[in-house]
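# would you be able to build a 3D model of this:
(one chain, ligands or ions: 2)
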Amino acid sequence: MRIVEVRERTFPIASPIRNAVVDFSQMTLSLAAVITDEVRDGRPVVGFGFNSNGRYGQGSLMRERFVPRLTDADPDSLLDDSGLIDPHAAWATMMANEKPGGHGERSVAVGVLDMALWDLRAKLEERPLYDVIAQRHGDGQADRRVFVYAAGGYYHPGKGDQALQDELKSYLDRGYTHVKMKIGGASLAEDCRRIESALAVLGPGQRLMVDANGRFDADEATAYLKALESYDLHWYEEPVDPLDYEGTRAVAGQRTRVPLATGENLFSHWDALNLGRYGGLDPQRDYLQFDCALSYGLVEYLRTLEVLRPLGWEPSRFIPHGGHQMSLNIAAGLGLGGNESYPDLFQPFGGFPDGVQVQDGHVTMPELPGIGFEGKSDLAAVCASLLD
Ligand SMILES: O=C([O-])CC(=O)C(=O)O
Ligand SMILES: [Mg+2]
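Ligands and ions are numbered 1, 2, ... in the order given. Alright, predicted model coming up:
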């Protein structure tokens, strides 16, 4: 079998919301289709992938470097002994002639293609990707029940505390137990009022995460932490710039009972390892949120898990950013702590296959071949549009 063509297109995922640092009025993503000459049920087998919110579409990098490397390669060099596409070999081919370090936007372009290659691989095996991952890289058995939390609580023009409460309550009504809201885009006093409004809806039990999107320096982040300590929070996310390991360490060293979470904007296993080495985080208390769709895909994510394990980080402390089905499959296949979800945002790319309900803060993965995109009809239609 061989890859005959890779198509990509940029799609808008714009939304009139903002966090502490960016608004999403111009947000886009790249969707890619890896098309093969393997025919099943009269149709070629195609793998799909896309990046999650936050880093925009990466079509030019794919067109100029990563796709030609795949399509120009000796087709046999991309296969393993079973004669099926090997995402690890394809990854090495895409990354030929790329220097180490400087993990900017190329990690997004490769992450999109890596996702499509894993979707392809699992479809060729006619199995759910979580099974492929569990067998090849986990303990052999996937756990199809995955914790998910609802991310939202953005700043929005004219949105008051009542609207925030209504939003968060609607997530609870849809089966979520934990919800996330933004902080750092208003004064500390206003954010405290918003947090209190949210907690009034949620009740006790550390059911609220707050996300500062890397907005603060260490002193501001620590001042926020002092105020946050009086609330019963599940975690305090990205208090400082993700590359500010010293700042992370300063916040983490305050010895509070508020867990920290970070990592969605670190894009390589080296960056992750540096966070683990120098960020002062506690593997018993804190959480890591690396998102394969932004950071070179599952091939690199496996390296990240591997280098952090000796520092005490078990897969259960990883809860990826991004709200996509790829990370749901990884969570089920490798026993991660769960996955983010955006119930009302970034559609049709986020979310779950049709009919999958959130119950008691968990979803149960259906048995669909590949990642499962074809089981979500609105997403399947967008994927299919790439093949017209
Ligand atoms: O607002 C964003 O950029 C998304 C984000 O941080 C998250 O989902 O944690
Ligand atoms: Mg975040």
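
# just confirm Ala198 is within a helix.
Yes: membership of Ala198 in a helix is supported by DSSP: H, G, I helix; E, B strand; the rest coil.

# all further residue positions should be reported with the first residue as 6.
Understood, numbering begins at 6; the last thing we discussed is Ala203.

# contact partners for it?
For Ala203, the contacting residues are Gly158, Leu169, Gln170, Leu173, Val184, Met186, Leu213, taking C-beta atoms under 8 Å, 6 or more residues apart in numbering as the criterion. The way it works is simple: take the backbone N, C-alpha and C, and place the C-beta from them, glycine included.

# OK, contacts around the third one?
This means Gln170. Ser202, Ala203, Ala205, Val206.

# the last one touches Tyr176, doesn't it?
No: contact status for Val206 versus Tyr176: not in contact, 9.6 Å apart, counting by C-beta atoms under 8 Å.

# and stretch 94-104, which residues are buried?
Going by neighbour count (16 or more other C-beta atoms under 10 Å), the buried part of stretch 94-104 is Ala94, Ala95, Trp96, Thr98, Met99, Met100.

# narrow those residues to those in helices?
Judged by DSSP state H, helices contain the following of the buried residues of stretch 94-104: Ala94, Ala95, Trp96, Thr98, Met99.

# which of the contacts of Gln170 has the most neighbours?
Taking other C-beta atoms under 10 Å as the neighbour criterion, Ala203 ranks highest of the contacts of Gln170 with 24 neighbours.

# what does the pLDDT read for that residue?
At Ala203, the pLDDT value in this model is 97.

# the strands in this protein, which residues?
Using DSSP state E, the strands assigned to the chain run over residues 8-17, 33-45, 48-55, 150-156, 184-187, 213-216, 238-242, 265-267, 292-293, 344-346, 367-369.

# among those strands, single out whichever gets nearest to Tyr61.
With C-beta to C-beta as the measure, strand 33-45 is the member of the strands of the chain nearest Tyr61 (5.1 Å).

# run me through the strand neighbours of that closest one, direction for each.
Here the strand partners of strand 33-45, with direction, are listed using DSSP bridges: strand 8-17 (antiparallel), strand 48-55 (antiparallel).

# from the ones in helices among the buried residues of stretch 94-104, pick the one nearest Ala114.
Proximity of these to Ala114 (C-beta to C-beta) peaks at Met99, which lies at 8.7 Å.

# show me what contacts the residue of the chain found nearest ligand 1?
The minimum distance from the chain to ligand 1, using C-beta to the nearest ligand atom, falls at Asn24 (3.9 Å). Contact analysis of Asn24 by C-beta under 8 Å, 6+ apart lists Tyr159, Tyr160, Lys187, Gly189, Gly190, Asp216, Asn218.

# these: which ones sit near ligand 1?
Subset of the contacts of Asn24 in contact with ligand 1: Asp216, Asn218, counting by C-beta under 6 Å from any ligand atom.
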